[in-house]
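J.: the following comprises the amino acid sequence and a computationally predicted model.
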Amino acid sequence: MNPRFKVVDHPLVRHKLTAMRRRDTPTPEFRRLLREVALLLGYEVTRDLPTATARIETPLEPMEAPVLAGPEPCLISILRAGNGLVDGLLDLIPTAKVGHIGLYRDPKTLQAVEYYFKMPFDIAQRHTIVADPMLATANSAIAAIERLKELKPLSLRFVCLVAAPEGVRAFGEAHPDVPIYAAGLDRELNDHGYILPGLGDAGDRLYGTR
């Protein structure tokens, strides 16, 4: 298993993920839960961001207080389901820049095919968090990280809801320097590359499509 893989083992994360797994959870509730879990995951993903100090005044006296060092992080959504995670992360870091990468999985080869790529111009000056709810085969995540490494951001982290052991292993082999944060690690992939027991297609459940 990838040594840089971390399950955020928190009671609220586990509870909300269970609610998302239920097949009868309606789209509005699924969307709300995804945003809330993303916020909780965000605390762990950003735990070691560098800080500096700034001179401020409280109502009582001046002080040196901690602030984020340098530009705020850049959040990258792997379209389309990554948008749900990014929305929650933006609640935590509202001044973050946002980039988008569009990838679809070829149904025959299961390989990622890129169709869209738009990033902030100053990504090389920012720590970067890449979001996609499902880490299944990891082909899309691996391809996204490869493209982003070309832009040389200060650091890269990957955040997802649910991962499969096969995806964690493949991602770690391709990008051993990039940590993964997940709400859960499931049993396996089925023959179609879907996570079991999983929660279905996160994009469909997020947007009410089929």
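T.: Yes, it's here. Numbering: from 1, shown residues only.

J.: now do the end-to-end distance for stretch 70-87.
T.: Separation of the first and last residues of stretch 70-87 by Cα to Cα, to the nearest Å is 22 Å.

J.: show me what counts as buried in it.
T.: 71, 73-87 (16 or more other Cβ atoms under 10 Å). The C-beta positions use only the backbone N, C-alpha and C, and glycine is treated the same way.

J.: skip ahead from the helix or strand hosting L75 and say which helix or strand is next.
T.: Using DSSP states H and E, L75 sits within strand 74-79. Of the helices and strands lying after strand 74-79 in sequence (DSSP H and E), the nearest is helix 82-92.

J.: can I get the CA coordinates of the helix or strand following that following helix in CSV?
T.: Remark: after helix 82-92, the chain's next helix or strand is strand 97-105, criterion DSSP H and E. Extracted C-alpha coordinates of strand 97-105, given in CSV (Å, rounded to 0.1, in the frame of the first residue of the first chain):
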residue,chain,number,x,y,z
LYS,A,97,-7.5,30.0,-7.1
VAL,A,98,-9.3,27.2,-9.0
GLY,A,99,-8.2,25.2,-12.1
HIS,A,100,-10.1,22.6,-14.1
ILE,A,101,-8.9,19.5,-16.0
GLY,A,102,-11.4,17.5,-18.0
LEU,A,103,-10.7,13.8,-18.4
TYR,A,104,-13.0,10.9,-19.4
ARG,A,105,-12.4,7.2,-19.0
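
J.: quick check: angle from strand 97-105 to helix 82-92?
T.: 160 degrees (axes from the mean of the first three to the mean of the last three Cα atoms, to 10 degrees).

J.: so for the helix or strand following strand 97-105, mean pLDDT?
T.: Downstream of strand 97-105, the first helix or strand assigned by DSSP H and E is strand 112-118. Summarised as a single mean, pLDDT over strand 112-118 is 90.
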